[in-house]
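Student: Coordinates for the following, if possible.
(one chain, ligands or ions: 2)
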Amino acid sequence: MLNVVLFGPPGAGKGTQSEKLIEKYNLAHLSTGDLFRKHLGEGTDLGKLAQKYMDEGNLVPDSLVIDMVKDKIASTTDAKGFIFDGFPRTVPQAVALDDMLKEFDTTISGMVALEVPDEELKKRLLDRGKTSGRADDQNEEKINNRIQVYKDETLPVANFYNEQNKFNQIHGVGSINDIFQEISAVIDKF
Ligand SMILES: Nc1ncnc2c1ncn2[C@@H]1O[C@H](COP(=O)(O)OP(=O)(O)O)[C@@H](O)[C@H]1O
Ligand SMILES: [Mg+2]
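Tutor: Ligands and ions are numbered 1, 2, ... in the order given. Take a look at the predicted model:
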């Protein structure tokens with residue numbers, strides 16, 4: 001299996017690139033943000049639990065995220081592998097992911113981290129907020145909080161994969177296609 005962690009701050013382009021990568025490599029897209037937004041839209045209990053965290057740009061508690069990912073992996077039977085987008089966002093989530101994949105006799109092939117300056121992220125997210133309807137894209141205060149949460153809680157995940165020699169960084173500013181080519185070149189070596 002080919003299992004890729006697509007990593008980066010909010011607005012880095014993970015969702016955009018994931019859509020292209022799943023086509024090219026025939027992978028399943030596992031975006032925890034998309035899954036939670038689906039639960040929210042359907043008004044499930046999980047959606048109701050997650051909403052207060054998401055709306056403020058905070059992380060949903062690890063246990064809720066991990067259980068949801070387990071369900072998704074278990075119910076995706078025909079995939080050649082996964083693009084993990086927006087997950088793992090904490091080190092405990094990364095540890096849990098390793099354990100889950102072990103059960104399927106597979107592992108993370110590598111991480112691709114998209115690096116984008118804060119000012120560019122803010123610009124993109126405010127722009128996305130005009131059409132996304134996402135509460136967490138609507139104002140600068142929430143966006144700043146998300147970038148701070150990323151630095152405090154999520155960046156250590158990059159070290160976790162670096163220690164396993166699975167860390168790769170791509171500059172995430174430029175044309176969507178150029179960035180896609182660069183990510184593909186990295187994945188082709190996994
Ligand atoms: N290379 C890029 N250059 C400019 N804007 C981009 C680029 N990649 C993505 N975007 C835009 O930035 C915003 C955030 O992208 P998205 O893929 O939703 O990021 P993430 O899933 O990492 O939060 C979107 O509005 C998207 O259209
Ligand atoms: Mg996204």
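Student: drop to CA atoms for contacts and neighbour counts, all remaining ones
Tutor: OK.
Student: which ones are touching the residue sitting nearest the centre point of the chain?
Tutor: The geometric centre of the chain, computed from its C-alpha atoms, lies nearest to residue 86 (C-alpha atoms, centre = their mean), at 1.5 Å. Shown in contact with residue 86 (C-alpha atoms under 8 Å, 6 or more residues apart in numbering): 6-8, 14, 31-33.
Student: how near is residue 137 to residue 146?
Tutor: For residue 137, the distance to residue 146 (C-alpha to C-alpha, to the nearest Å) stands at 10 Å.
Student: who's more crowded, the two?
Tutor: Each of residue 137 and residue 146 has its neighbours counted (other C-alpha atoms under 10 Å); residue 137 has more, 26 against 21.
Student: how many neighbours does the closest residue to the more buried one other than its chain neighbours have?
Tutor: Spatial nearest neighbour of residue 137, chain neighbours left out: residue 129 (4.6 Å); criterion: C-alpha to C-alpha, 6 or more residues apart in numbering. Neighbourhood size, residue 129 [other C-alpha under 10 Å]: 16.
Student: surely residue 129 meets residue 140?
Tutor: No - using C-alpha atoms under 8 Å, residue 129 is not in contact with residue 140; the gap is 10.4 Å.
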